[in-house]
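**Student:** Quick one, fold the following:
(2 chains)
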Amino acid sequence: MGKLKYALFTGCTAKQSTPEQMMSTMAVADKLGIELIELTEASCCGASHLQDYDDFLSLVLNARNIAYAEKHGLTMVTICNTCQLNTAMTKHRLDSNEKLKAQVNEKLAEVGLEYKGTSEITHFLYAIIDDIGLDKIAEMVKTPLSQFNIAPFYGCHNIRPSELQNQTHKTPESAYNPTSLDDLIIACGGKNVDYNEKNKCCGFHVELQAPKTAATLSGNAIAGAMDNNADWMVTPCPLCHLKLDTQTHHASEVIGREVELPVLHMQQMVGLALGCSHEELGLKHHVTKVDFV
Amino acid sequence: MSTDGITTQKVNFKVFRFNADDDYLPYYEDYEMDVTSEEVVLDILNRIKWDHDGSFSYRRSCRHGICGACAIKVNGKSTLACKESMSSMVELFGNELTIEPLSTKRAVKDMIIDKGDFWQKHDAVHPFLISDVDENPEHEHIVTQEEAEDLLDADICIQCGACHYACPVVDINDNFMGPAAFAKAYRFEADVRDQAHKERLTELHSESQGVWDCVKCFECAEVCPKEVNPIDKITKLHQMLFKEGVATSNVATRHAVGFKHSIARNGILDEGGLVLYSEGPAIVKHIPVALKMFRKGKIVPPWAITKSDNLDEIKKLVKSSSTVKF
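**Tutor:** Predicted structure coming up:
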């Protein structure tokens, strides 16, 4: 087997509010022997908000991003659940509607690009599970996370709608009983924590217009993990991460109890188990201190 | 055990029990049963009532996934009891299954809930055609095939309430109309004969109750037994608000529009700039969190943002592909 190679769509937060996510992605890819070609031409995916305003523009911009992955002839790997959903949904809509695809391509032609539909789009979580395998990852673990109870927080846009999501990876995932992140925790030597909120919403997308709703949802998620004896949480989504890591003060106020747990990106968790340094994983960039290492 | 391809296995059920007239608190009753691969969840409810406890209460009627009466939750998954096969439940969750009403806090007796809030919100979107119909028409009001398809199957909703009680916003915000009401609103908004477009949309634009409070979790799309896909309709309603000129400038609409401006400027998002554009002067309330984030190297100032390569392409596409003005 040759070296695994993907086109990396970083999304915006990895370049701004979650620098630790970018650092840990690169560090873990290196350890796992994955080559990532960063799509530096990519724009924001619209984060599921642009489409509320201008659906066609959102389609064109996402199709452009995918077209760059196609130019490399590579599978596009995302590291943000919302990027994953928006990009995969664009692909699904264009691949199943020739007329829409032609309209989008008419625009892309103005800048010399074409959306063909030749690249797959998958989240880094599923890429490593599908293409490297949990057993192989477990074999590579240098520092098992055996002393930790770790609460997985899946994030909506990686598991729902399951019909679309399950087209983007080989390992089937149920939206009601997801297992991928639990399995990854176990592969890293940790103990996975089961709790009701693990597949629920963090509230990120209404943070500005409905801050109380958002804070209740993220507060309940952290509380659920704490009540089930989690030492820390782990998520594949930087937007969930922002909500759970940076806003615990407001969440505590709204739900009426102190909630706070360190939250790691899935790449950081894998990185810790594979023996990456804390600097490489950017652990100092967390608002809620990562105090267990 | 297998007979003619039918398999049987033991399943432990934990069943929610509550009688609002007598019980101070709900409790869970355990039942162990041999379940065959041919049975649906409704068969189990029937067996509990017929074989174990005649007082066990639940709603059911058509047994064909049409009346919407028997929606309940199995291990947190909202489902129509008459449609959901036991074998798929066991495959998904294993042999320990918890059966609960759609909303435990609205329980009246066992699986039966007070769906009053559902109907109140359903009625609030004026779920009927509003049109000045000529009482003595000279010709038919033809709706073309394409126009009918624009309803996107919103008309096949059976009002079972599965999405409504799976919605995390309905659970915590009493004002929020919820996915079923929005899908119903879309059903009439998308109808070419309807003349109440702007009035109905104005209700849906309202803060706290309307579509802008949707968290985009896709629970409603996942749960719908008729594949109505309510969040798809919610997205369409967002778009209609802009297209019909009903959307007013508020933090939610500026947030959606702000993405376009930010993308046109840098390709990737200017996160701080987007919050400023959305909030206006109210951005001051974000300062405490922003300071914490700044100290941890999580805020990049506008001048230091790495713009997307080939930004000229993005600028050109934003200009040529924009279809909405606000």
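
**Student:** Helix, strand or coil: sort out B:Cys315 for me.
**Tutor:** You called it Cys, but residue B:315 is Lys. helix (DSSP: H, G, I helix; E, B strand; the rest coil).

**Student:** residues touching the closest residue to it other than its chain neighbours, list them.
**Tutor:** Closest residue to B:Lys315 apart from its sequence neighbours, by CB to CB, 6 or more residues apart in numbering or on different chains: B:Ala264 at 5.8 Å. The C-beta positions use only the backbone N, C-alpha and C, and glycine is treated the same way. Residues in contact with B:Ala264 (CB atoms under 8 Å, 6 or more residues apart in numbering or on different chains) are B:Ile314, B:Lys315, B:Val318, B:Lys319.

**Student:** is it fair to say B:Ala264 lies in a strand?
**Tutor:** No - applying three-state DSSP, one finds B:Ala264 to be helix, outside a strand.

**Student:** hmm, back to that, nearest to A:Tyr6, of the contacts of B:Ala264?
**Tutor:** A:Tyr6 has its nearest neighbour among those in B:Ile314, at 22.4 Å by CB to CB.

**Student:** so the closest one makes contact with A:Asn62?
**Tutor:** No - between B:Ile314 and A:Asn62 there is no contact under CB atoms under 8 Å: 11.9 Å.

**Student:** For those two, work out which one has more neighbours and name it.
**Tutor:** A:Asn62 (30 against 27; other CB atoms under 10 Å in any protein chain shown).

**Student:** Can you tell me the element the more buried one falls in?
**Tutor:** Here A:Asn62, judged by DSSP states H and E, is contained in helix A:55-72.

**Student:** Could you list every helix and strand in contact with that helix?
**Tutor:** For helix A:55-72, the elements it packs on are strand A:4-9, helix A:50-53, strand A:76-78, helix A:81-95, helix A:98-109, helix B:311-321, judged by 3 or more CB pairs under 8 Å, 6 or more residues apart in numbering or on different chains; DSSP states H and E.

**Student:** Check the offset of that helix from the chain's centre.
**Tutor:** Computed by CA atoms, centre = their mean, to the nearest Å, the chain-centroid distance of helix A:55-72 equals 19 Å.

**Student:** number of nearby residues for residue 66?
**Tutor:** Using chain A here. With neighbours defined by other CB under 10 Å, the count for A:Ile66 comes to 27.

**Student:** Chain B, not that one
**Tutor:** B:Ile66: 15 neighbours (other CB under 10 Å).

**Student:** ok, the closest residue to it other than its chain neighbours - contacts?
**Tutor:** Distances taken as CB to CB, 6+ apart put B:Ile158 closest to B:Ile66, at 6.2 Å, once the chain neighbours are dropped. By CB under 8 Å, 6+ apart, B:Ile158 lies in contact with B:Gly65, B:Ile66, B:Cys67, B:Gly68, B:Pro225, B:Lys226.

**Student:** can you check A:Gln209 too?
**Tutor:** B:Glu207, B:Trp212, B:Asp213, B:Asn250, B:Val251, B:Ala252, B:His255.

**Student:** Mind checking which of the residues you listed land in helices?
**Tutor:** B:Val251, B:Ala252, B:His255 (DSSP state H).

**Student:** For the residue nearest to A:Ile34 when sequence neighbours are not counted, report the pLDDT, please.
**Tutor:** Distance criterion CB to CB, 6+ apart; nearest residue to A:Ile34, sequence neighbours excluded, is A:Leu4 at 4.6 Å. pLDDT for A:Leu4: 96.

**Student:** A:Leu4: how many residues sit nearby?
**Tutor:** Neighbour tally, A:Leu4, other CB under 10 Å: 17.

**Student:** which sections of chain A are below the confidence cut-off?
**Tutor:** A:1 (pLDDT under 70).

**Student:** Which residue ranges make up the domains of it?
**Tutor:** A:4-123, A:134-285 (automatic domain parsing).

**Student:** quick one: contacts for the nearest residue to B:Lys296 once chain neighbours are set aside?
**Tutor:** Once flanking residues are discounted, B:Lys296 sits nearest to A:His285: 5.0 Å by CB to CB, 6+ apart. A:His285 is in contact with A:Thr18, A:Pro19, A:Glu20, B:Lys296, B:Gly297, B:Lys298, counting by CB under 8 Å, 6+ apart.

**Student:** rerun at 7 Å
**Tutor:** A:Pro19, A:Glu20, B:Lys296, B:Gly297, B:Lys298 (CB atoms under 7 Å, 6 or more residues apart in numbering or on different chains).

**Student:** For the last one, give me phi and psi.
**Tutor:** Per-residue torsions, B:Lys298: phi -100, psi 10 (degrees, to the nearest 10).

**Student:** hang on, isn't it packed against A:Ser17?
**Tutor:** Yes - B:Lys298 is within contact range of A:Ser17, at 4.7 Å (criterion: CB atoms under 7 Å).

**Student:** Regarding chain B, what is its longest strand?
**Tutor:** The residue-count maximum for a strand in chain B (DSSP state E) belongs to strand B:6-17.

**Student:** need the next SSE after that strand, C-terminal direction.
**Tutor:** Taking DSSP H and E, what comes next after strand B:6-17 is strand B:27-36.

**Student:** And the helices in the stretch 51-200 of chain B, which stretches?
**Tutor:** With DSSP state H, counting those that start in this stretch, the ranges of helices along the stretch 51-200 of chain B come out as B:86-93, B:116-124, B:145-149, B:162-166, B:168-172, B:179-189, B:197-205.

**Student:** any residues touching the fifth one, and which ones?
**Tutor:** If you take CB under 7 Å, 6+ apart as the criterion, helix B:168-172 is touched by A:200-201, A:213, A:216-217, B:164, B:176, B:178, B:213-215, B:217, B:219.

**Student:** gap between it and the chain center?
**Tutor:** Centre-to-centre, helix B:168-172 and its host chain are 10 Å apart (CA atoms, centre = their mean).

**Student:** swap in the fourth one?
**Tutor:** The gap between where helix B:162-166 is centred and where its chain is centred comes out at 7 Å by CA atoms, centre = their mean.

**Student:** So what touches that helix?
**Tutor:** Residues contacting helix B:162-166 (CB under 7 Å, 6+ apart): B:71, B:78-79, B:102-103, B:118, B:170, B:178-180, B:219-220, B:223-225, B:230.

**Student:** and which of those is nearest chain A?
**Tutor:** Closest to chain A out of the contacts of helix B:162-166 is B:Glu219 (6.8 Å), distances taken as CB to the nearest CB.

**Student:** Name the nearest residue to that closest one, ignoring sequence neighbours.
**Tutor:** The nearest residue in space to B:Glu219 (CB to CB, 6+ apart) is B:Ala166, at 4.6 Å.

**Student:** residues in contact with residue 247?
**Tutor:** Unless you meant another one, I'm taking chain A. So A:Gln247 contacts A:Ala215, A:Ser218, B:Val289 (CB under 7 Å, 6+ apart).

**Student:** wrong one, I was asking about chain B
**Tutor:** B:His205, B:Leu241, B:Thr253, B:Phe326.

**Student:** picking up where we left off before, pull out the buried positions in the longest strand of chain B.
**Tutor:** Neighbour counts over strand B:6-17 (16 or more other CB atoms under 10 Å in any protein chain shown) mark B:Val11, B:Phe13, B:Val15, B:Phe16, B:Arg17 as buried.

**Student:** Make CSV from those and add pLDDT and distance to chain A to it.
**Tutor:** Output for those, formatted as CSV (pLDDT from 0 to 100; distance: CB to the nearest CB, whole Å):
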residue, pLDDT, distance to chain A
B:Val11, 97, 16
B:Phe13, 98, 17
B:Val15, 98, 18
B:Phe16, 98, 15
B:Arg17, 98, 20
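
**Student:** Any chance of TSV for those, columns distance to A:His249?
**Tutor:** Shown next, in TSV, are these (distance: CB to CB, whole Å):
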residue	distance to A:His249
B:Val11	44
B:Phe13	42
B:Val15	40
B:Phe16	35
B:Arg17	40
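
**Student:** Look at residue 81 and say how many residues are nearby.
**Tutor:** You didn't pick a chain, so chain A it is. Neighbour tally, A:Asn81, other CB under 10 Å: 27.

**Student:** Let me rephrase: I mean chain B.
**Tutor:** As a burial measure, B:Ala81 scores 25 neighbours (other CB under 10 Å).
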